[in-house]
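Asks: when you get a sec, could you give me coordinates for this:
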Amino acid sequence: MSTISKILSHTPAADQMRRFDARRDLGGVADLVELCFADTLDPDGERYLQHMRSAAKNPGFLRWAAAAADWSGVPLSGYVWEEDHRLVGNISLIPYIVRTQRYYLIANVAVHPDYRRHGIARQLTLQAMEYARQHAANAAWLHVRQNNAAATELYQSLHFRERARRTTWVSQNGVPTRVFPEGLEIHKHRPQHWKQQRKWLQQLYPPELRWNLPLKIKALNPGIWGKIYRFFTNTYVWQWSALERKRLLGVISWQATRSYADSLWLAVDSEDEAEAAYALLIHARQHLSPRRPLSLDYPAGNAAQAIQSAGFFPQQTLIWMEYRF
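Replies: Numbers count the residues shown, from 1 in each chain. Sure thing, here's the model as predicted:
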């Protein structure tokens, strides 16, 4: 018997918990998520809730959702908790595959404020973990905001282990004055820089975390295969390289998105990280439209002062945690 099964076997049966059913629960879950995370929702989160509510009124989508719950890469599978004839708890499960390994992301863990501290989030999380184990997952992942100590302690008590911390940075109005060290120059991205850029990208954006980002590394390839990929996927990118006396310090990539902010991807040498990040971010901001905010996902703590000096503020820091089966 697995550790999860043992814990569940000693937990009183939760008659209030049942499988999520999009046909009856999608609208209620949207309301619950909005209530629980209203103070942290960005424009993308608000749009996500709007899509959920719109889908809840679409009979065709609901029929498809009922059939696709166990394999779709969107949150159509999970569990809800009902008390007093109200939907007061939710947890979503999103399957994904990385390098032939099967994983589940545990997401949208929400409990109505009036029903917190009753063990609902714990039982929902345990049930989600057991579901992932029964469906041959190699691991379950989740993320929690760095300032949510209660949730972090809960997941640690269930033997989740921290694997990474990522900060989302968003550009502020106004571009700081450009001041670069002597000898540092910014040039249009060159094909000969691709091999090193790809290596840095793979280190800074590991595949276990990259799958949920709009980053597709092959789309940044300046060669013919990258051009073909961008053409067929309708992907638009611009890239610049930072060099110091012909030595490559880093590359920044701008990618247009349908989000409220376009994406920036930094690939830099760890030894010159702060210097390269600052120069590349300033250059990108000076050459991109000020009408569109810019978003940068980056390892928490890395080059933080340099990124702030380039005119970005930390929107959120997430702790990524893993439980291996």
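Asks: run through the helices of the stretch 151-300 of the chain in chain order.
Replies: In the stretch 151-300 of the chain, the helices defined using DSSP state H, counting those that start in this stretch lie at 194-204, 207-210, 224-233, 273-287.
Asks: among those, which comes closest to residue 78?
Replies: Nearest of those to residue 78, taken as CB to CB: helix 207-210 at 20.6 Å. For every residue, glycine as well, the C-beta is placed using N, CA and C.
Asks: report all helices and strands that that closest one contacts.
Replies: strand 161-171, strand 312-324 (3 or more CB pairs under 8 Å, 6 or more residues apart in numbering; DSSP states H and E).
Asks: tabulate the ones you listed (CSV), appending distance to residue 303 and mean pLDDT.
Replies: Shown next, in CSV, are the helices and strands packed on helix 207-210 (distance: least, CB to CB, whole Å; pLDDT from 0 to 100):
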stretch, distance to residue 303, mean pLDDT
strand 161-171, 10, 97
strand 312-324, 10, 97
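Asks: TSV please, covering those and showing distance to residue 39.
Replies: Output for the helices and strands packed on helix 207-210, formatted as TSV (distance: least, CB to CB, whole Å):
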stretch	distance to residue 39
strand 161-171	16
strand 312-324	11
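Asks: I'd like those as JSON lines, with mean neighbour count and distance to residue 297 appended.
Replies: Formatted as JSON lines, those follow (neighbours: other CB atoms under 10 Å; distance: least, CB to CB, whole Å):
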{"stretch": "strand 161-171", "mean neighbour count": "17", "distance to residue 297": "6"}
{"stretch": "strand 312-324", "mean neighbour count": "18", "distance to residue 297": "9"}
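Asks: do you know which of these lies nearest residue 119?
Replies: strand 312-324 (18.5 Å).
Asks: check what contacts the closest one and list those residues.
Replies: The contact list for strand 312-324 (CB atoms under 8 Å, 6 or more residues apart in numbering) reads 40, 42, 129, 138-146, 152, 155-156, 158-172, 208-209, 281, 294-296, 300, 304, 308.
Asks: try it again with 6 Å
Replies: Strand 312-324 is contacted from outside by 139-144, 146, 155, 160-172, 300, using CB atoms under 6 Å, 6 or more residues apart in numbering.
Asks: just stretch 171-178 next, same as before
Replies: 282, 285-286, 293-294, 311-313.
Asks: could you list the buried residues of it?
Replies: 171, 175 (16 or more other CB atoms under 10 Å).
Asks: kindly format the C-alpha coordinates of that stretch as PDB.
Replies: Presented in PDB, the C-alpha positions along stretch 171-178 are these (Å, rounded to 0.1, in the frame of the first residue of the first chain):
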ATOM      1  CA  SER A 171       7.600  46.000 -16.900                       C
ATOM      2  CA  GLN A 172       6.700  49.300 -15.400                       C
ATOM      3  CA  ASN A 173       6.000  52.600 -17.200                       C
ATOM      4  CA  GLY A 174       9.100  54.400 -18.400                       C
ATOM      5  CA  VAL A 175      12.400  53.100 -19.500                       C
ATOM      6  CA  PRO A 176      15.500  53.800 -17.300                       C
ATOM      7  CA  THR A 177      18.400  55.600 -18.800                       C
ATOM      8  CA  ARG A 178      20.700  53.200 -20.700                       C
END
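Asks: next one: it to chain centre, how far?
Replies: Counting by CA atoms, centre = their mean, to the nearest Å, stretch 171-178 is centred 25 Å from the centre of its parent chain.
Asks: also stretch 311-325?
Replies: 8 Å.
Asks: need the winner for burial among the helices of the stretch 151-300 of the chain.
Replies: helix 273-287 (a mean of 22; mean count of other CB atoms under 10 Å).
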